[in-house]
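Colleague: Predicted model and sequence follow; I will ask about them next.
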Amino acid sequence: MQRVMIVGGPGSGKSTLARALGAVTGLPVVHIDRIHWKPGWVPADRAEKDRLCHKVHMQDRWIFEGGHSVTWPERLERADTLVWLDLPVALRQWRVFRRTLRDYGRSRADLPDACPERFDRQTLEFYRYIWSSRARVRRRISDIFAAPPPHLRLVHLQRPWEVTRYVDAVREAQ
């Protein structure tokens, strides 16, 4: 396990899993939100995100969590492990709400500085996005799992306890 791609919908625990696996394996962790967002919640342009993702993909070792799915084909080609966090949408929305409360007014570790958690119109739009994108995102990842590149190890986790068990198994294998 040298290049781990973690995917799933918002609130599925991608950042948390990436940090846990990074602590266990010593692999460097990359959060897509640090590429997607600039300080002040300003989105980076697509060319910049493409370039920064490519730069990560070309490294020898990484745990890369998150979207920017236009770069997934290259990431899949380089990854040796794909972890899909496929948790229920209601749980994911609850987690996003809880994390917003917990970190309100502060930037999380997986975000650039000056991107504080907040409750505003964009937050409401984000909850709508979580709900409206659930089938599309799930279908896209399901398609990858149905016909993966032959070199790719697949891990499909659907319950929080499965995530815990997976991290424990990786720890025991080290």
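Modeller: Arrived safely. Numbering: from 1, shown residues only.
Colleague: which residues of this protein fall in helices?
Modeller: 14-25, 32-36, 46-57, 72-78, 89-103, 121-132, 134-146, 160-173 (DSSP state H).
Colleague: quick one: the helix or strand bottoming out on mean pLDDT in the chain to helix 134-146, angle?
Modeller: In the chain, the helix or strand scored least confidently by mean pLDDT, DSSP states H and E is helix 121-132, which has a mean of 87. With axes from the mean of the first three to the mean of the last three C-alpha atoms, to 10 degrees applied, the angle from helix 121-132 to helix 134-146 works out at 50 degrees.
Colleague: Can you give the distance of helix 121-132 from its chain's centre?
Modeller: Helix 121-132 has its C-alpha centroid displaced from the chain centroid by 17 Å (C-alpha atoms, centre = their mean, to the nearest Å).
Colleague: Quick check: nearest residue in space to the residue nearest the centre of the chain, chain neighbours excluded?
Modeller: Centroid-nearest residue in the chain: residue 66, 2.8 Å away (criterion: C-alpha atoms, centre = their mean). Spatial nearest neighbour of residue 66, chain neighbours left out: residue 32 (2.7 Å); criterion: C-beta to C-beta, 6 or more residues apart in numbering. From N, CA and C alone the C-beta is placed, and that goes for glycine too.
Colleague: show me what contacts that neighbour?
Modeller: 53, 64, 65, 66, 67, 68 (C-beta atoms under 8 Å, 6 or more residues apart in numbering).
Colleague: Which pair of those spans the longest distance?
Modeller: Largest separation among the contacts of residue 32 by C-beta to C-beta: 53 and 65, giving 12.0 Å.
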